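Enquirer: no sequence on hand, only this structure:
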C-alpha cells in the first residue's frame, strides 16, 4: 500500500524531468485507483496538455471540477482551456 501512495508523487516529478509518458502511465493508474481526487485529476490534465492531448485534458478537468466545484485552480485551468479551444475553433 505504501508503494501505491507514492505513485502520484513520482508522477509529478516525471514531467519535471521530461518524462511525460511515464507520468501519464502513473497518473492514469492513480486516477483509476482514486477516482474521486480532483487534485490528482488536475495533475493528469496538466500532463495531458504537455503531450498535446487537449480534448482528453478538457474531459479530465471537467471531471475534476465536478468532484471539487470550489477548487479555484481547477476552475481557472478549465476556463483557460475552454478559452483556448474557442479561439482555435
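Expert: Received it, and whenever you're ready, just let me know what you need. Please read these numbers as outputs of a predicted model, since none were measured by experiment. Numbers count the residues shown, from 1 in each chain.
Enquirer: can you give me the strands in this structure?
Expert: Using DSSP state E, the chain contains no strands.
Enquirer: where does the prediction get shaky in it?
Expert: Applying pLDDT under 70 to the chain flags the ranges 1-17, 87-89.
Enquirer: let's go with 80 and repeat that
Expert: 1-18, 84-89 (pLDDT under 80).
Enquirer: buried stuff in the biggest helix by length in it?
Expert: Secondary structure of the chain read by DSSP state H shows that its longest helix is helix 72-88. Neighbour-count burial for helix 72-88 flags 74, 77-78, 81 (criterion: 16 or more other Cβ atoms under 10 Å). Just so you know, the C-beta spots here come from the backbone N, C-alpha and C atoms, and that holds for glycine as well.
Enquirer: could you dump the residues you listed to JSON lines with distance to residue 47?
Expert: As requested, the buried residues of helix 72-88 are exported to JSON lines (distance: Cβ to Cβ, whole Å):
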{"residue": "74", "distance to residue 47": "15"}
{"residue": "77", "distance to residue 47": "12"}
{"residue": "78", "distance to residue 47": "16"}
{"residue": "81", "distance to residue 47": "14"}
